[in-house]
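In: Just the structure for this:
(one chain, ligands or ions: 1)
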Amino acid sequence: MTHADRAPIGIGMIGYAFMGMAHSQGWRNAKSFFDPKLEPRLVALGGRDRTAAEEMARRFDWQQVETDWRALIARDDVGLVDICTPGDTHAEIAIAALAAGKHVLCEKPLANSVAEAERMTEAAERARADGVKAMVGFTYRRVPALALARRLVLGGRIGRLRHVRAQYLQDWLTDPDAPYSWRLDANRAGSGALGDIGAHVIDLTQFLTGEHITGVSATMDTFVPERPLPGGDGTGQVTVDDAAVFLGRFSGGAMATFEATRYATGRKNAIRIELNGTEGSLAFDFEDMNTLRFFDSSVPTETQGFTRILVTEPTHPYLGAWWPPGHLLGYEHGFSHQAADLLTAIADGTDPEPSFADGLRVQRVVAAVQASAATDSQWVPVDGTGSGDTGSTGTTDSAGTAREVA
Ligand code: SOE
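Out: Residues are numbered from 1 along each chain as shown. Take a look at the predicted model:
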């Protein structure tokens, strides 16, 4: 196919802050480096502040600005709505966009509650019958080292999973004078570290293992209850968690520990995951995101050890589209991978992942963590996983089909 043969698809993006910027370059680089069957056209940027939105449209080459998201969705030249707004707006916008026959990419977490996530998932299922696709933006699945890790786990290279250890560590709220923002308001964000960064490691560990978290025991805390409003005019009440720590069980029986905090002083964006199995282990740290550490128990003892795989070969996930080996990727590349995979799914008529149902599964774990933390860390089964105990003998493959563990 030549570029002339590629059907265009108009993108309408709502929101233009950090995620809006990350998505904007993602669409452009997906077109350039992955040359998808559908060619994204950045037709409309949505933002209530016209001046600010027009400045971002100029910088990121969006053709026009809409100050009302409903008008953006109604445009005939918009075929895909990209939602980059705070969580309290995801449900209304996504459900309206799907009803209008527009494909949807919605930033994570999918919603601020299970109820909202269920309504969004139902809307996505209805739209799917008409060939309309929906994806939630857990981009870390598309870090090549993590995509490789999943390939190794599902290929049996670490055997049966015994332990999952997952942390998402940031420190941008360690300073009590760091200003108030929408992320600290439960009405806007739904929850704090738990739903913002905890959601990433909940999704990631379920993605890497092909299994579901079936129950949790949790504790949460808010260390700084109020913060100065931007501009220094008074303070805002922090109504979300600053940190969440929880135990979990996976559907195959593995034991899990999770941490999500914005007070890990010195840790800037450290997603640390280690999986221990009967035949080996995998370890990853986003602050060294181009490498994956792999311990293979089948290697003779005298040369055993965690090997450091530099995940930059053309045969590694996504790498064939980028640079020669060793030239490293960054945080932003996951957004190009996300855009390319969504465009390919739409063109091929397949179902993009993570789906809204995957986002709902994350939301149910978030709700179980909140319920457990509110009841002195009592064990809380995760709705929809069918397991009330602390560990089942069954497991599920990547399609979520239950099968007995050998
Ligand atoms: C803030 O914690 C944040 O921007 C998250 O919202 C993103 O999902 C993560 O990728 C980086 O940190």
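In: residue with max distance from the center of the chain?
Out: Glu302 (39.4 Å; C-alpha atoms, centre = their mean).
In: and that one, which of the three is it?
Out: helix (DSSP: H, G, I helix; E, B strand; the rest coil).
In: where do the helices sit along the stretch 101-250 of the chain?
Out: Listed in chain order, the helices of the stretch 101-250 of the chain (DSSP state H, counting those that start in this stretch) span 114-128, 144-154, 186-189, 193, 199-209.
In: For the ligand, find the nearest of those helices.
Out: For the ligand, the closest of the helices of the stretch 101-250 of the chain is helix 199-209, at 6.1 Å, according to C-beta to the nearest ligand atom. Where you see a C-beta, it was placed from the backbone N, CA and C, and this is true even at glycine.
In: Can you work out which other helices and strands pack against the closest one?
Out: helix 144-154, strand 161-169, strand 213-221, strand 255-261, strand 270-277, helix 356-373 (3 or more C-beta pairs under 8 Å, 6 or more residues apart in numbering; DSSP states H and E).
In: what about the nearest residue to Pro36 once chain neighbours are set aside, helix or strand, and which?
Out: Closest residue to Pro36 apart from its sequence neighbours, by C-beta to C-beta, 6 or more residues apart in numbering: Leu343 at 3.9 Å. In this assignment (DSSP states H and E), Leu343 forms part of helix 333-348.
In: That helix close to the ligand?
Out: No. If you take C-beta under 6 Å from any ligand atom as the test, helix 333-348 misses the ligand, and the best it gets is 8.6 Å.
In: can you give me the offset of that helix from its chain's centre?
Out: 14 Å (C-alpha atoms, centre = their mean, to the nearest Å).
In: Could you list the buried residues of that helix?
Out: For helix 333-348, burial by neighbour count (16 or more other C-beta atoms under 10 Å) applies to 333-346.
In: coming back round to it: highest average neighbour count across the helices and strands packed on helix 199-209?
Out: Mean neighbour count, computed with mean count of other C-beta atoms under 10 Å, is highest for helix 356-373 among those, reaching a mean of 24.
In: is the ligand contacted by that helix?
Out: No. Applying C-beta under 6 Å from any ligand atom, one finds helix 356-373 separated from the ligand by no less than 12.4 Å.
In: Quick check: mean pLDDT of that helix?
Out: The average pLDDT within helix 356-373 is 98.
In: Return the list of strands paired to the following helix or strand past that helix, each annotated with direction.
Out: As assigned by DSSP H and E, the chain's next helix or strand after helix 356-373 is strand 380-381. Paired neighbours of strand 380-381 in the sheet (DSSP bridges): strand 213-221 (antiparallel).
In: re the thing from before, take the buried residues of helix 333-348 and write them to JSON lines, including pLDDT.
Out: Below are the buried residues of helix 333-348 laid out as JSON lines (pLDDT from 0 to 100):
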{"residue": "His333", "pLDDT": "98"}
{"residue": "Gly334", "pLDDT": "98"}
{"residue": "Phe335", "pLDDT": "98"}
{"residue": "Ser336", "pLDDT": "98"}
{"residue": "His337", "pLDDT": "98"}
{"residue": "Gln338", "pLDDT": "98"}
{"residue": "Ala339", "pLDDT": "98"}
{"residue": "Ala340", "pLDDT": "98"}
{"residue": "Asp341", "pLDDT": "98"}
{"residue": "Leu342", "pLDDT": "98"}
{"residue": "Leu343", "pLDDT": "98"}
{"residue": "Thr344", "pLDDT": "98"}
{"residue": "Ala345", "pLDDT": "98"}
{"residue": "Ile346", "pLDDT": "98"}
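In: and which of these is nearest the ligand?
Out: Checking the buried residues of helix 333-348 against the ligand by C-beta to the nearest ligand atom gives Gly334 as the nearest, at 8.6 Å.
In: Test my guess that the closest one contacts Leu146.
Out: No. Judged on C-beta atoms under 8 Å, Gly334 makes no contact with Leu146 at a distance of 9.2 Å.
In: intersection of neighbour lists for the two?
Out: Residues touching both Gly334 and Leu146 (C-beta atoms under 8 Å, 6 or more residues apart in numbering) are Tyr140.
In: What residues does the stretch 151-300 of the chain have near the ligand?
Out: Looking at the ligand, the residues of the stretch 151-300 of the chain close enough under C-beta under 6 Å from any ligand atom are 170, 196-197, 269.
In: again, 5 Å this time
Out: Asp196 (C-beta under 5 Å from any ligand atom).
In: any weak-confidence spans in the stretch 151-300 of the chain?
Out: Across the stretch 151-300 of the chain, nothing is flagged by pLDDT under 70.
In: how does it look with 90?
Out: 231-233 (pLDDT under 90).
In: Can I get stretch 200-218 as CSV, trimmed to CA atoms?
Out: What follows is stretch 200-218, C-alpha atoms only, in CSV (Å, rounded to 0.1, in the frame of the first residue of the first chain):
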residue,chain,number,x,y,z
HIS,A,200,-0.6,0.7,36.3
VAL,A,201,1.0,-2.1,38.3
ILE,A,202,-2.4,-3.8,38.8
ASP,A,203,-2.9,-3.9,35.0
LEU,A,204,0.7,-4.7,34.3
THR,A,205,1.0,-7.7,36.6
GLN,A,206,-2.3,-9.1,35.2
PHE,A,207,-1.0,-8.5,31.7
LEU,A,208,2.4,-10.1,32.4
THR,A,209,1.0,-13.2,34.0
GLY,A,210,-2.2,-13.7,32.0
GLU,A,211,-3.9,-14.2,35.4
HIS,A,212,-6.2,-12.1,37.6
ILE,A,213,-5.8,-10.8,41.1
THR,A,214,-8.5,-12.6,43.1
GLY,A,215,-8.3,-11.0,46.5
VAL,A,216,-6.4,-8.4,48.5
SER,A,217,-5.5,-7.1,52.0
ALA,A,218,-4.6,-3.5,52.0
